[in-house]
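J.: how would this look folded up:
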Amino acid sequence: MRHLRSGLSERVTLRLRGLSAAALVAVSVLVGGAGTATASIGDVEERQSRLEQLARELLAPAADRSVDVAYVDARGSTRVHLGPRDAGEYEIGSITKTFTGELLAVALDRGEVRPDTRLGTLLPVQGSAVADVTLEELAGHRSGLLEFATTPDMIAGGIDWKLNGGNPFPFDREQLLAQARLAPLIFRGTFRYSSFGYALLGQALASAANTDFVTLLKARVLEPLGLERTWVPLTRGDLPAGASTGIDENGRAQAPWTIGAYAPCGGARSTIGDMASYAQALLREEAPGMAALRPRWSDTPSLRRGYAWGIATIDGVDYTMHSGGTGGFSGAVMLDRAHGAAIVVLQDSAGLKERPAVELLRRMREI
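T.: Numbering: from 1, shown residues only. Down below sits the predicted model:
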């Protein structure tokens, strides 16, 4: 089964063609913050043109799909839209895990939980192997849980996705907990990417706060950051008519991934405007739960991990990153915190690769 990839007011999309130079400056000031207000018309046009050129070259977007790209630095946010159609809203997949990691950091600061709090103290999974797993093990993908449950209902969901492009995670909280009670732990203490684990982590944090995950996410991350167009539909019925849908890497239409109790690992939908604002808040260290970005584990000399976030050292530069993918969408948030720059890519097709996004960030930073 395809994984939820590891490896952010009205939406404003800047387009080079069709906007005057004065309009480009005005919109950049509106969406990019005070730093952009002093940018010259020529500078805005150059950044816009360069971002579009590099995005087409490095990302090789599908000609008939919707791709939005934002570059963020101290001067503000520069955005381009590629493709003849505009999805507007995207499933961000496992980028959602970064919110969940930040919720853990916030809960630790509030004294609601400790890193060594056991899952069985927060969720009714007592007597199972997973009850002994700690919240920090879940956050670091070191719990021993597999990427997904191996129960018959999960396997059936995966088959439906493979054959029909359906949603493989139509599970409520009780179904998730039933899967957890049966789950084995394999190589506990070593890195094994687990969307299953992040689903349980989010549900446990909600339990610790005496609420549900969606309410917790809104109150502690989305609303403080002003991310008004980032949200979590739990069921197909939560989506409005005409909600955006995507395609897989073979061009096959995919059902929306409204993934119920698995939402903490990959259920959010968002826009390029909100994700650019998210990246900007992270660069400014103004987002809730910034401790989630701190490296805590080393997988290799060039790859460390925080809560959800990976920190990869490439050509001497540390990139803090997370990508995300569902059946029909893919995206990435890449931060170069040392240089105060970030790139966000969202597309309504599967298959975005991380390395071209990192290269896009590096080359935009140099102009």
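J.: In this protein, where is pLDDT below threshold?
T.: Filtered on pLDDT under 70, the chain yields the residue ranges 1-42.
J.: most residues in a single helix of it, which one?
T.: Taking DSSP state H as the criterion, the chain has its longest helix at helix 41-59.
J.: Tell me how far A178 lies from T151.
T.: Distance of A178 to T151, computed by Cβ to Cβ, to the nearest Å: 7 Å. C-beta here means a position set from N, CA and C on the backbone, and glycine is covered the same way.
J.: how about the strands of the protein, start to end?
T.: 67-73, 76-82, 90-91, 269-270, 297-300, 303-305, 310-314, 317-325, 330-336, 341-347 (DSSP state E).
J.: Run through the neighbouring helices and strands of the fifth one.
T.: Spelled out, it's strand 297-300. If you count contacts as 3 or more Cβ pairs under 8 Å, 6 or more residues apart in numbering; DSSP states H and E, strand 297-300 packs onto strand 303-305.
J.: ok, now with 6 Å
T.: Applying 3 or more Cβ pairs under 6 Å, 6 or more residues apart in numbering; DSSP states H and E, one finds that strand 297-300 makes contact with no other helix or strand.
J.: State the distance from the spatially most central residue of the chain to K162.
T.: Nearest to the mean C-alpha position of the chain, by Cα atoms, centre = their mean, lies I95 at 1.1 Å. For I95, the distance to K162 equals 24 Å [Cβ to Cβ].
J.: With V69 instead?
T.: Using Cβ to Cβ, which is the criterion applied here, V69 is 30 Å from K162.
J.: Between the two, which has more neighbouring residues?
T.: V69 (28 against 14; other Cβ atoms under 10 Å).
J.: Do I have it right that the more buried one meets A55?
T.: Yes. Under the criterion of Cβ atoms under 6 Å, V69 makes contact with A55 at 4.7 Å.
J.: Common neighbours of the two, please.
T.: Common neighbours of V69 and A55, counting by Cβ atoms under 6 Å, 6 or more residues apart in numbering, are V80.
J.: Tell me, how many residues neighbour the nearest residue to L217 once chain neighbours are set aside?
T.: Spatial nearest neighbour of L217, chain neighbours left out: F99 (5.8 Å); criterion: Cβ to Cβ, 6 or more residues apart in numbering. When counting by other Cβ under 10 Å, one arrives at 29 neighbours for F99.
J.: F99 against V221, yeah?
T.: Yes. At 5.2 Å, F99 counts as touching V221 under the criterion of Cβ under 6 Å.
J.: For the strands of the chain, give me a markdown table that also has distance to Q254.
T.: Shown next, in a markdown table, are these (distance: least, Cβ to Cβ, whole Å):
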| stretch | distance to Q254 |
| --- | --- |
| strand 67-73 | 16 |
| strand 76-82 | 20 |
| strand 90-91 | 9 |
| strand 269-270 | 14 |
| strand 297-300 | 31 |
| strand 303-305 | 29 |
| strand 310-314 | 25 |
| strand 317-325 | 11 |
| strand 330-336 | 11 |
| strand 341-347 | 13 |
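J.: Let me see the contact set for I247.
T.: A253, G328, S349.
J.: And the first one, how far from V67?
T.: When you say that, I think you mean A253. 18 Å.
J.: neighbour-wise, which of those two wins?
T.: V67 (27 against 12).
J.: From R365, how far off is the more buried one?
T.: Taking Cβ to Cβ as the measure, V67 falls 20 Å from R365.
J.: Repeat that for L234.
T.: 38 Å.
J.: ditto for G166
T.: 41 Å.
J.: Contacts only, for the residue nearest to L227 when sequence neighbours are not counted.
T.: Using Cβ to Cβ, 6+ apart and skipping the chain neighbours, the partner closest in space to L227 is D274 (4.5 Å). Taking Cβ under 6 Å, 6+ apart, we find D274 in contact with L227, R229, T230.
J.: Many thanks, I have nothing further to ask.
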